[in-house]
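Trainee: Here you go, sequence then predicted model.
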Number of protein chains: 2
Amino acid sequence: MSQTADELPRVLQLLWGLEGPARPGPKPTLQITDIGRAAVRLADAAGLGAVSMNKVAAELGFTTMSLYRYVDSKDDLYVVMVEEAFGTPDPVDPKADWRARITQWAVMVRDAIHRHPWILQVPVFEPPLSPKQLLWMEEGLRAFEGTPLTNPDRLSSIVLVNIYVRGVTQLTANLFVNQADKTEKEADQLYAQRLMMLATPERFPAIAATFEDGTFDDGSDFDDDEFEFGLTTVLDGIEALITRRAAGTRR
Amino acid sequence: MSQTADELPRVLQLLWGLEGPARPGPKPTLQITDIGRAAVRLADAAGLGAVSMNKVAAELGFTTMSLYRYVDSKDDLYVVMVEEAFGTPDPVDPKADWRARITQWAVMVRDAIHRHPWILQVPVFEPPLSPKQLLWMEEGLRAFEGTPLTNPDRLSSIVLVNIYVRGVTQLTANLFVNQADKTEKEADQLYAQRLMMLATPERFPAIAATFEDGTFDDGSDFDDDEFEFGLTTVLDGIEALITRRAAGTRR
DNA sequence: GCTGATCTGTGTATGACGCACACTGTGTGC
DNA sequence: GCACACAGTGTGCGTCATACACAGATCAGC
């Protein structure tokens, strides 16, 4: 039933600073954050594909296998990288209303991803348990303080916002994760060209109708517009729930 | 400016059936869908990690390198796999209202992912251009017929729904993608235990408050509830937009 | 029906990768 | 002062994506 610290995966123990009692033998030279930082440096410079145990170790002046003293697998390395890349969230403005607070939180998440676009390529196997990820979650939940939302409501809502931000950022940012030899604009134009060639009005009337009036090639900031559109929509949905809860409705 | 078929990546040419003029030399033995089906079989049986060029080729009785006659890279193989895995969407019910239609569409997407959970692990580099992906998009757009939403509204909305379904399914389904040696329930319980151990009320009051009243261990169908909660919220947000558009507001 | 261009599928090879394992030397707690 | 647990090393294995040269098959054009 109860759970003790030493049953945790080693990575989580290290990230949470849960050292066991003092033991004989040499002390570790590295800190897990050193490894994370080195890996993040590589990923920022050349994408997630450039991160290998070998390269990270070399970056630190160690051998490949030494990393396995800190990290049980490459997936664990990813956990450390994400932890490092997201960093600590700024506290949401306590004086603002919930919409402004959630927006602030969503923008922070998006900015973090923009700083480290490879985050979206990291394969996810488990829900987060690392300290900074939980801090982000905590901060997100706090943004709903003062609303009539129940605790499960708040959890589901912040999860929804998080899902949205990740998803839309993946959609709008994946092109500049890609290769550096194409600008985002060029990639967009190429896509629009191909889409209009393939999605013929006969077989795909709705798609064709959507794109024929130049939705794609207006110069406006498509990414920001799309981000705001979806966020507004999600917030409107949450607002509807808040209204219902304020009226005392259960469903 | 204009785009011709032969500038398309080979995979797209094959998926769209855009054969060039007849040329000398032997005709291909395989069809691109054969490759997709074989790869999907492997992924369904043992996860995306079990898909290698080698194994797919062996499954078909060919050599590894033969696949490169059809597919330029492993990423292209992924495209073919996703195309095969999603299949053709059922048409949405034209008599239902837009909420029912979108819900139907969202459930279809979710079901497809549930049938092939590895879909969520496939790295995404480009927006989709394959025929069946466009068919899903077309069908989603058609679900908004009869609403006062503009074409860009509809595109953004269906993108939002798609983002949501993928995201929430990843969150609720990633555990059964994982290893077969843990049931989903066990994994959930382990997670809840660890979360309650790590997210102490002093440092993480909001998280602790959310989980202390047993949000996680009620036996109810957490996945379905969460899916419905978010979808309802998203649809409520879109409904707010529809109301605004019906009132003739531009913003 | 011949011919030659051209394509399909094969065989071999390469460099990178994650990681298992046995080992060495070190420095700490007793 | 000493034993020994542990940090970091070196080597090696199996797997992977994919480059490249090649052999044989096959069809278009004459």
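Mentor: Good, I have the coordinates.

Trainee: which helix of chain A spans the most residues?
Mentor: For chain A, the helix that runs over the most residues, judged by DSSP state H, is helix A:151-177.

Trainee: Just after it, pick out the following helix or strand.
Mentor: Scanning forward in sequence from helix A:151-177 by DSSP states H and E, the next helix or strand is helix A:184-198.

Trainee: residues of the longest helix of chain A that come out buried?
Mentor: For helix A:151-177, the buried set under the neighbour-count rule, 16 or more other Cβ atoms under 10 Å in any protein chain shown, comprises A:151-175, A:177. Using the backbone N, CA and C atoms, a C-beta is placed for each residue, glycine as well.

Trainee: now the helices: where do they sit in chain A?
Mentor: Using DSSP H, the helices of chain A run over residues A:10-15, A:32-46, A:53-60, A:74-86, A:98-115, A:131-142, A:151-177, A:184-198, A:205-212, A:222-246.

Trainee: closest to B:Arg23 out of the ones you listed?
Mentor: Closest approach to B:Arg23 among the helices of chain A is made by helix A:184-198 (22.3 Å; Cβ to Cβ).

Trainee: who does that closest one touch, helix- and strand-wise?
Mentor: Applying 3 or more Cβ pairs under 8 Å, 6 or more residues apart in numbering or on different chains; DSSP states H and E, one finds that helix A:184-198 contacts helix A:151-177, helix A:205-212, helix B:131-142.

Trainee: one more time with 10 Å
Mentor: Packing partners of helix A:184-198 (3 or more Cβ pairs under 10 Å, 6 or more residues apart in numbering or on different chains; DSSP states H and E): helix A:151-177, helix A:205-212, helix A:222-246, helix B:10-15, helix B:131-142.

Trainee: Make sure A:Asp75 is actually in contact with B:Gly49.
Mentor: No. The criterion here is Cβ atoms under 10 Å, and A:Asp75 misses it with B:Gly49 at 11.2 Å.

Trainee: Is there any residue in stretch A:16-25 that contacts DNA strand D?
Mentor: Yes. Stretch A:16-25 comes into contact with DNA strand D (Cβ under 7 Å from any atom of the strand), by way of A:23-25.

Trainee: Compare the residues you listed and tell me which is most surrounded.
Mentor: Ranked by neighbour count (other Cβ atoms under 10 Å in any protein chain shown), the residues of stretch A:16-25 next to DNA strand D have A:Arg23 at the top, with 7 neighbours.

Trainee: So which helix or strand of chain A has the lowest pLDDT on average?
Mentor: Within chain A, no helix or strand scores below helix A:184-198, which has a mean of 85 by mean pLDDT, DSSP states H and E.

Trainee: Would you indicate which residues of it are buried?
Mentor: Buried residues in helix A:184-198, counted by 16+ other Cβ under 10 Å: A:187-188, A:191-198.

Trainee: Number of residues surrounding the residue lying closest to A:Arg245 once chain neighbours are set aside?
Mentor: Computed as Cβ to Cβ, 6 or more residues apart in numbering or on different chains, the closest residue to A:Arg245 that is not its neighbour in sequence is A:Pro148, at 4.2 Å. Using other Cβ under 10 Å, A:Pro148 is surrounded by 14 other residues.

Trainee: Wait, A:Pro148 touches A:Glu239, no?
Mentor: No. Applying Cβ under 10 Å as the test, A:Pro148 and A:Glu239 come out as separate, 11.5 Å apart.

Trainee: out of A:Asp75 and B:Gly49, which sits in the more crowded spot?
Mentor: Neighbour tally, A:Asp75 and B:Gly49, criterion other Cβ under 10 Å: the higher count belongs to A:Asp75, 15 against 11.

Trainee: list the contacts for that one?
Mentor: A:9, A:11, A:122-126 (Cβ atoms under 10 Å, 6 or more residues apart in numbering or on different chains).

Trainee: will you turn those into CSV that also has distance to chain B, pLDDT and neighbour count?
Mentor: Listed next are these as CSV, based on distance: Cβ to the nearest Cβ, whole Å; pLDDT from 0 to 100; neighbours: other Cβ atoms under 10 Å in any protein chain shown:
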residue, distance to chain B, pLDDT, neighbour count
A:Pro9, 9, 91, 17
A:Val11, 13, 94, 22
A:Val122, 10, 95, 18
A:Pro123, 6, 92, 15
A:Val124, 6, 88, 18
A:Phe125, 6, 86, 14
A:Glu126, 7, 88, 15
